[in-house]
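# Sequence first, then the predicted structure:
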Amino acid sequence: MKWVLAQHDAGAVSRLSDQAGVHPLIARLMVGRGIVDAADARAFLSADLSTLTDPGVLAGMELAVRRVRAAIASRERIVVYGDYDVDGVTGAAVLYLALRDLGADMGFHIPDRMSEGYGLNTAALRMLREQGARVVITVDCGITAVKEAAAARDLGIDLIITDHHESAAIPRDQPTSGPAVLPEALALLHPGLVVRDVPDTVRQGISGLTGVGVAFKLVQGLLGSRHDDPRLTGLLDLVALGTIADMGRITGENRILVRHGLGLLSSDPSQLRPGVAALKRVAGIADKRVTVGTVGFSLAPRINASGRLARADAAFRLLTADDAGEALRLATELDAVNRERQAVEEAIWGEARERCLQADLAGTGAFVLASGDWHAGVIGIVASRIVDEFYRPTALISVRDGRGKGSGRSIPGFDLYAGLLQCSDLLAGFGGHKYAAGFTIDEDRIPLFRERLSAVVLEQMGAGGFVRTVTIDAPVTFDDLTLDLLRDIERMAPFGQGNPEPRLGARGLEVASLRTVGNGNKHLKMRLRQQNGRFIDAIAYNQGQPLGSRFRGGDRVAAVFVPRITVWNGNTGIQLEIKDVKHDRQ
């Protein structure tokens, strides 16, 4: 792993420290995130709900609000059309709950991953119209549904699209294989579609909204109320779940929504919505504080499992349940499905990993693995795991009846979408962005695709280009690491995409002691001392075997770590979570 020390303007750091009254290290971390103004620094640390953007900056908001309010007043049936992933399910739940509380005649539809696939489909729209729907509001889908929007119009449905995905008709940072025209819906709500003369800072603030975030903006517009309206703030638990699960950037508006949503998710169990309380209970975290990591590793997988192996409407019903008993039944069902998903994932992972271990890694640009036994709903997760271990762009393909459904993941430095573009003549269809993509391919073309994608990666990256890097935000000494400083760092949370957890580095450390711990001795615990002075405990998760054999007591090392506050038996201390450690030769 290559270490890179982040470089910052020393003058900007000094000025921000003085003007904002923050520790020089905090100022350095903020400058590294593009925050150089004292007012911006204070706004960042406060994450106040009063600074939320006016929903009216979204170009279709006024028309959407007017039509929905009219439908509520005349008792026309409104259907929320979501998606089967966490972002789509939580976004649909946010909109459904808000509209139900406003007195709307409500329905919902969550498409089935296997039989319907992603996004709007005409058959579902026809069914919804037969059931009396007059207004259909999409969540987390629809921005490329040109034909489906035309079908909705022909069926007499007023279609309101709320989405955040890429479209060639909305130039943004990421490429897309979608059409270069927008669907002709009644209204389009999308972070890239804003009214004229909106300041760049506002555009940037909302640019990272996920599907649930856009749905929340529509609720904000419908309520037309203050930022502290409990009908609005009471939905932030769901907004946080969806934003984190969809890897939304924890910057701008997202950061405000997620911070307050995590607070809501961490409330006393008696104060939680029944579905969330039940979900935390089956996850074994009923009384625990919820963090970004908790959502990613404990809550989101259980919600996602429904859409991967079963029907996602089970997760939707859980999040919108009013009865605690019904919520617990649904949460238990999802927990069982998640265990099934884990078993399926482990089986695929074991087979795929074995194939990777047998490959000539030096001559492999990308892994392209296919099987008729793999479940299409799980291969994306396994592709991510292969990328994590082998550090190669990876595509897994589930083959059925001569046609493969693929899911790919990539590494920094290789644009997966651009790579698929160079293989487009071999694919039946594809879409996505630089780090993740999906595609379909005829089975007989998989060998050619494997050969070409690997060659494209090798040509761009070079044989020596597959080097992991870790960015060190700042060098520190152990004397710098005080509880007050760590509490200041915690004020920069929540951490995630766009606002990574600060990684610090220190040299001249002596390994006072070390031992492996955990099931299978997976983790390495160390006690480190700097310059014959202060001792600090450290732990390297899932690195017990490789590191435990490389180091001995008395070794001099350098380490990259995240410092954390710990509480044990009523005592508060500091522990370093080791990200990488090397022998220090200087």
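Nice, thanks for sending it over. Just so you know, these numbers come straight off a predicted model, no measurement behind them.
# Let me know the pLDDT of the spatially most central residue of the chain.
Closest to where the C-alpha atoms of the chain average out (C-alpha atoms, centre = their mean) is residue 247, at 1.4 Å. pLDDT recorded at residue 247 is 84.
# ok, now the one 4 residues further on?
As summarised for this prediction, residue 251 has a pLDDT of 93.
# so what's residue 419 up against?
366, 393, 410, 453, 456, 457, 460 (C-beta atoms under 8 Å, 6 or more residues apart in numbering). Quick note: C-beta positions are derived from backbone N, CA and C, even for glycine.
# Which strand or helix spans it?
Assigned by DSSP states H and E, residue 419 belongs to helix 416-421.
# Which one (most neighbours) among the contacts of residue 419?
In terms of neighbour count, residue 393 stands highest of these at 30 neighbours, by other C-beta atoms under 10 Å.
# Quick check, that residue in contact with residue 460.
No. Residue 393 lies out of contact with residue 460 (C-beta atoms under 8 Å); the separation is 10.0 Å.
# Tell me how far residue 201 lies from residue 38.
16 Å (C-beta to C-beta, to the nearest Å).
# Please say which of the two ends up with more neighbours.
residue 38 (17 against 10).
# these two touch, right, that one and residue 27?
No. Under the criterion of C-beta under 8 Å, residue 38 is not in contact with residue 27, lying 9.8 Å apart.
# Quick check: neighbours shared by these two?
16, 20.
# what's the burial count for the closest residue to residue 149 other than its chain neighbours?
Closest residue to residue 149 apart from its sequence neighbours, by C-beta to C-beta, 6 or more residues apart in numbering: residue 183 at 3.4 Å. Burial of residue 183 is recorded as 24 neighbouring residues (other C-beta under 10 Å).
# what about residue 183, is that helix, strand or coil?
coil (DSSP: H, G, I helix; E, B strand; the rest coil).
# Same check on the one 5 residues further on?
Three-state assignment for residue 188 (three-state DSSP): strand.
# Check the gap between it and residue 517 for me.
Counting by C-beta to C-beta - residue 188 and residue 517 are separated by 53 Å.
# more crowded one of those two?
Set residue 188 next to residue 517 and count neighbours by other C-beta under 10 Å: residue 188 wins out with 27 against 11.
# what distance separates the helix holding residue 419 from the centre of its chain?
21 Å (C-alpha atoms, centre = their mean, to the nearest Å).
# partner strands of whatever helix or strand comes next after that helix, parallel or antiparallel?
Next helix or strand after helix 416-421 toward the C-terminus (DSSP H and E): strand 429-432. Applying DSSP bridges, strand 429-432 is found paired with strand 436-442 (antiparallel).
# how about the CA coordinates for the strand it pairs with, as PDB?
Output in PDB follows, covering the C-alpha atoms of strand 436-442 (Å, rounded to 0.1, in the frame of the first residue of the first chain):
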ATOM      1  CA  ALA A 436     -20.200   0.500 -10.700                       C
ATOM      2  CA  ALA A 437     -22.200  -0.700 -13.700                       C
ATOM      3  CA  GLY A 438     -24.700  -3.300 -14.800                       C
ATOM      4  CA  PHE A 439     -24.900  -4.900 -18.200                       C
ATOM      5  CA  THR A 440     -26.500  -7.700 -20.200                       C
ATOM      6  CA  ILE A 441     -24.600 -10.000 -22.600                       C
ATOM      7  CA  ASP A 442     -25.200 -13.100 -24.700                       C
END
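# okay but residue 442 is in contact with residue 403, surely?
Yes. Judged on C-beta under 8 Å, residue 442 makes contact with residue 403 at a distance of 6.2 Å.
# Give me the common contacts of these two.
residue 428.
# which stretches of the stretch 301-450 of the chain form helices?
When secondary structure is read from DSSP state H, counting those that start in this stretch, the stretch 301-450 of the chain shows helices at 313-319, 324-358, 379-390, 416-421, 446-461.
# what helices or strands is the longest one leaning on?
Spelled out, that is helix 324-358. helix 274-282, helix 300-309, helix 313-319, strand 367-371, helix 379-390 (3 or more C-beta pairs under 8 Å, 6 or more residues apart in numbering; DSSP states H and E).
# Any chance of CSV for those, columns mean neighbour count?
Shown next, in CSV, are those (neighbours: other C-beta atoms under 10 Å):
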stretch, mean neighbour count
helix 274-282, 23
helix 300-309, 24
helix 313-319, 25
strand 367-371, 21
helix 379-390, 20
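# For these, could you give me JSON lines that also reports mean pLDDT and distance to residue 122?
Converted to JSON lines, the helices and strands packed on helix 324-358 look like this (pLDDT from 0 to 100; distance: least, C-beta to C-beta, whole Å):
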{"stretch": "helix 274-282", "mean pLDDT": "98", "distance to residue 122": "31"}
{"stretch": "helix 300-309", "mean pLDDT": "85", "distance to residue 122": "21"}
{"stretch": "helix 313-319", "mean pLDDT": "95", "distance to residue 122": "20"}
{"stretch": "strand 367-371", "mean pLDDT": "98", "distance to residue 122": "30"}
{"stretch": "helix 379-390", "mean pLDDT": "94", "distance to residue 122": "26"}
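# The ones you listed: which one's closest to residue 67?
For those, the distance to residue 67 is smallest for helix 313-319, at 23.2 Å, taking C-beta to C-beta.
# Mind giving me the packing neighbours of the closest one?
helix 86-101, helix 274-282, helix 300-309, helix 324-358.
# Touching it from outside, list them.
Outside of helix 313-319, the residues within contact range by C-beta under 8 Å, 6+ apart are 82, 86, 89-90, 92-93, 96, 108, 110, 238, 273, 275-276, 278-279, 303-304, 306-307, 326-327, 330-331, 333-334, 337.
# number of nearby residues for residue 230?
8.
# which residues does it contact?
Contacts of residue 230 (C-beta under 8 Å, 6+ apart): none.
# Distance of it relative to residue 264?
11 Å.
# Could you export the helices and strands packed on helix 324-358 as a markdown table, including distance to residue 223?
As requested, those are exported to a markdown table (distance: least, C-beta to C-beta, whole Å):
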| stretch | distance to residue 223 |
| --- | --- |
| helix 274-282 | 21 |
| helix 300-309 | 25 |
| helix 313-319 | 19 |
| strand 367-371 | 48 |
| helix 379-390 | 36 |
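# Can you tell me which of the ones you listed is nearest to residue 487?
Closest approach to residue 487 among these (C-beta to C-beta): helix 274-282, 25.7 Å.
# what's the following helix or strand after that closest one?
Using DSSP H and E, the first helix or strand after helix 274-282 is helix 292-294.
# Just the buried positions in that next one, please.
Within helix 292-294, the residues that qualify as buried are 292, 294, counting by 16 or more other C-beta atoms under 10 Å.
# domain ranges for the protein?
53-225, 359-461, 470-583 (automatic domain parsing).
# ok, and which of these has the densest surroundings?
domain 53-225 (a mean of 21; mean count of other C-beta atoms under 10 Å).
# Check the offset of that domain from the chain's centre.
20 Å.
# Likewise for stretch 470-485?
With C-alpha atoms, centre = their mean, you get 27 Å for stretch 470-485.
# low-scoring stretches of the stretch 451-586 of the chain, by residue?
463, 586 (pLDDT under 70).
# what's the overlap in contacts for residue 393 and residue 460?
414, 419.
# hmm, who's touching the helix or strand where residue 203 lies?
Secondary structure from DSSP H and E places residue 203 in helix 200-206. Contact with helix 200-206 is made by 53, 57, 58, 191, 194, 213, 217, 252, 253, as judged by C-beta under 8 Å, 6+ apart.
# go again using 7 Å as the cut-off
Contacts of helix 200-206 from elsewhere in the structure, counted by C-beta atoms under 7 Å, 6 or more residues apart in numbering, are 53, 57, 191, 194, 252, 253.
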